[in-house]
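A.B. asks: sequence and predicted model, in that order:
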Amino acid sequence: YSVLQDEFYLPAAEHLAVQSSGNRQGRGEVLADAQAALVQASIGRNAEEAYQRYLELLNQDDSGEPLDPDRSGLARELARMVLPLNTYTEWYWKADLHNLLHFIDLRADPHAQYEIRAYAELLLDVVRRWLPLTHAAFNANGRMAP
């Protein structure tokens, strides 16, 4: 585990909505501007406070220097437990092209949640840039076969 950066996902106001009454995984009406601003402030404040607790558990400041030279820092994989789900992380993964396209196909579906659809669209753009013929065939043939 590496030390995580102080970067968090904060949804744009147009993506903040009430829980859908007909879909347990979906969103309903978008929040009014004033309520959306309060929600954004709350999420941002929580992320910042949690990151400070994370650094305290690691016993280090923003530059990596010890806060208290007489105290040991907690292991990184334990300290990260206090971080919220909207903390960005960097990771590397491998996938064959078939499974990558299958992932994109499932996650770019209009019924998928906004954030995973946005991620799938970014991945599809990587495919477009690196594998233009595959991208063209994927788009021309629609959804992948099950």
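C.D. replies: It's in.

A.B. asks: hey, let's count contacts and neighbours off CA atoms from now on
C.D. replies: Fine.

A.B. asks: which positions in the strand or helix carrying residue 45 come out as buried?
C.D. replies: Assigned by DSSP states H and E, residue 45 falls within helix 33-58. If you call a residue buried by 16 or more other Cα atoms under 10 Å, then helix 33-58 has these buried ones: 36, 39-40, 43-44, 47-48, 50-58.

A.B. asks: right, and the pair among those with maximum separation?
C.D. replies: 36 and 58 (33.0 Å; Cα to Cα).

A.B. asks: any regions of this structure where pLDDT drops low?
C.D. replies: 143-146 (pLDDT under 70).

A.B. asks: ok, now with 50
C.D. replies: 145-146 (pLDDT under 50).

A.B. asks: next, give phi and psi for residue 30.
C.D. replies: Dihedral angles of residue 30 (phi, psi; degrees, to the nearest 10) stand at phi -70, psi 140.

A.B. asks: swap in residue 19?
C.D. replies: phi -70, psi 140.

A.B. asks: residue contacts, residue 35?
C.D. replies: Contacts for residue 35 were tallied using Cα atoms under 8 Å, 6 or more residues apart in numbering; there are none.

A.B. asks: from residue 110, how far off is residue 89?
C.D. replies: Using Cα to Cα, to the nearest Å, residue 89 is found at 25 Å from residue 110.

A.B. asks: more neighbours, those two?
C.D. replies: A count of neighbours by other Cα atoms under 10 Å puts residue 89 above the other of residue 89 and residue 110, at 12 against 9.

A.B. asks: can you classify that one as helix, strand or coil?
C.D. replies: Three-state assignment for residue 89 (DSSP: H, G, I helix; E, B strand; the rest coil): coil.

A.B. asks: how about whichever strand or helix holds residue 77: buried residues?
C.D. replies: Using DSSP H and E, residue 77 falls within helix 76-79. Across helix 76-79, burial judged by 16+ other Cα under 10 Å covers 76, 79.

A.B. asks: cool, and stretch 8-21?
C.D. replies: For stretch 8-21, a neighbour-count test (16+ other Cα under 10 Å) marks 8, 10, 13, 16, 17 as buried.

A.B. asks: that stretch: end-to-end distance?
C.D. replies: OK, stretch 8-21 end separation, Cα to Cα: 28 Å.

A.B. asks: what lies in contact with that stretch?
C.D. replies: Under Cα under 8 Å, 6+ apart, the answer for stretch 8-21 is 26-31, 33, 36-37, 40, 43-44, 47, 86-88, 114.
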